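1. what's the 3D shape of this:
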Amino acid sequence: MGVAYSVGEVDHLYTFFVQWSPDIYTKGNKKNRKPRYLIREKHQKHYLVVEKDISVINKNWEIITVKDSKRRLSLCGSEGSEAEEPEYQEEVDDVIPILSDHSQLLEDHHLVRLAAHMPARTQGYPWQLVYSTAVHGSSLKTLYRNMADLDSPALLVVKDVHKKVFGAFVSDPFKISKYCYGTGETFLFSFSPDFQAYRWSGENSYFVSGDLESLRIGGGEGVFGLWLDADLYHGASISCPTFHNAPLSTHEDFIVQDVEVWTVQY
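-> Predicted coordinates:
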């Protein structure tokens, strides 16, 4: 007899298998893969993914391989050399997320790092800015309202007054809920100063919860991996059982400078 699973349960199982058997579920058979290229607009950050070479393109565009694009971005976004590249190059098998709007917080080198941890179901789709403190003001209520009709993963990016950039990828859009929601795809990340991603530990399922007073990601034992108040002004980040994360900023309590929330466009 077969067993039926919901989409959320399937995502949860996939994340579990990726976490415990990455050699099987993430790398795949490279010999059978089609070569992929990026069409990149010169001097811009816009990319179009293609799976075959294109002989005729606009003079303002150039064709580069996915591998080459990542090498360029890693060199631009790091003070190190190509020797640092193997740490993540082999794991980043899909292109960087394509942003449909300009980000004031994310640079290409941020996206390259994040791409290695994004679930497969998000790869190849553009990301749309749905909330920004610079555009919409500092209000958690507005953040919820802007996501009310969405049903897709979200990327929360925070920059504090100490210029540290960090945040969370969540499997479900932010909403007001009495109970925790989300799946094991959810993870915390920080670029303070080097990139770190904190995936689900499996210890509990306190992925995301929120009300009009605060937004909370990760939890257990009375602490939160990432906490933001109603005005998106005060925040906190403490090591929590859900992710076994280090504090995402250089201070456990911090003042927010900017917030952006992106969602994938299926």
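2. any low-confidence regions in the chain?
-> Scanning the chain for pLDDT under 70 picks out the ranges 1-95.
3. looking at it, which strand is longest?
-> strand 253-264 (DSSP state E).
4. this protein: helices as residue ranges?
-> 7-20, 22-25, 66-76, 86-89, 108-115, 133-136, 140-146 (DSSP state H).
5. flag every buried residue along the longest strand of the chain.
-> Along strand 253-264, these residues count as buried under the neighbour rule (16 or more other Cβ atoms under 10 Å): 254, 256-264. The C-beta positions use only the backbone N, C-alpha and C, and glycine is treated the same way.
6. ok, now stretch 200-220?
-> Those would be 200-201, 204-210, 214-220, for stretch 200-220 by 16+ other Cβ under 10 Å.
7. which two from these end up farthest apart in space?
-> Ser201 and Ser214 (22.2 Å; Cβ to Cβ).
8. state the distance from the closest residue to Ile255 other than its chain neighbours to His234.
-> With sequence-adjacent residues excluded and distances taken as Cβ to Cβ, 6 or more residues apart in numbering, Ile255 is closest to Val161, at 4.6 Å. Look at Val161 and His234: by Cβ to Cβ, to the nearest Å, they are 11 Å apart.
9. cool, and Val259?
-> From Val259 to His234 the distance is 12 Å (Cβ to Cβ).
10. equivalent analysis for His136, please.
-> From His136 to His234 the distance is 18 Å (Cβ to Cβ).
11. now swap in Phe254 and tell me
-> 8 Å.
12. hmm, who's touching stretch 135-143?
-> With contact meaning Cβ atoms under 8 Å, 6 or more residues apart in numbering, stretch 135-143 is reached by 129, 131, 146, 174, 210, 212, 214-215, 228-233, 256, 259, 261.
13. over to stretch 97-106?
-> Residues from elsewhere that reach stretch 97-106 (Cβ under 8 Å, 6+ apart): 45-47, 111, 114-115, 118, 122, 125-129, 132, 134, 155, 157-159, 165, 258, 260, 262, 264-265.
14. show the end-to-end separation of it, please.
-> 11 Å (Cα to Cα, to the nearest Å).
15. in that stretch, what counts as buried?
-> Those would be 97-99, 103, 105-106, for stretch 97-106 by 16+ other Cβ under 10 Å.
16. how about stretch 243-254?
-> Buried residues in stretch 243-254 (16+ other Cβ under 10 Å): 243-245, 247-249, 251, 254.
17. if we can go back for a sec, next, show the common contact partners of Val259 and His234.
-> Leu228.
18. from Val256, how far out is the residue nearest to Ile255?
-> From Val161 to Val256 the distance is 8 Å (Cβ to Cβ).
19. now do Pro153
-> In terms of Cβ to Cβ, Pro153 sits 22 Å off from Val256.
20. in the stretch 151-266 of the chain, which spans are strands?
-> Per DSSP state E, counting those that start in this stretch, the stretch 151-266 of the chain carries strands over the ranges 154-160, 165-170, 177-181, 187-191, 195-198, 208-210, 214-217, 226-229, 234-236, 253-264.
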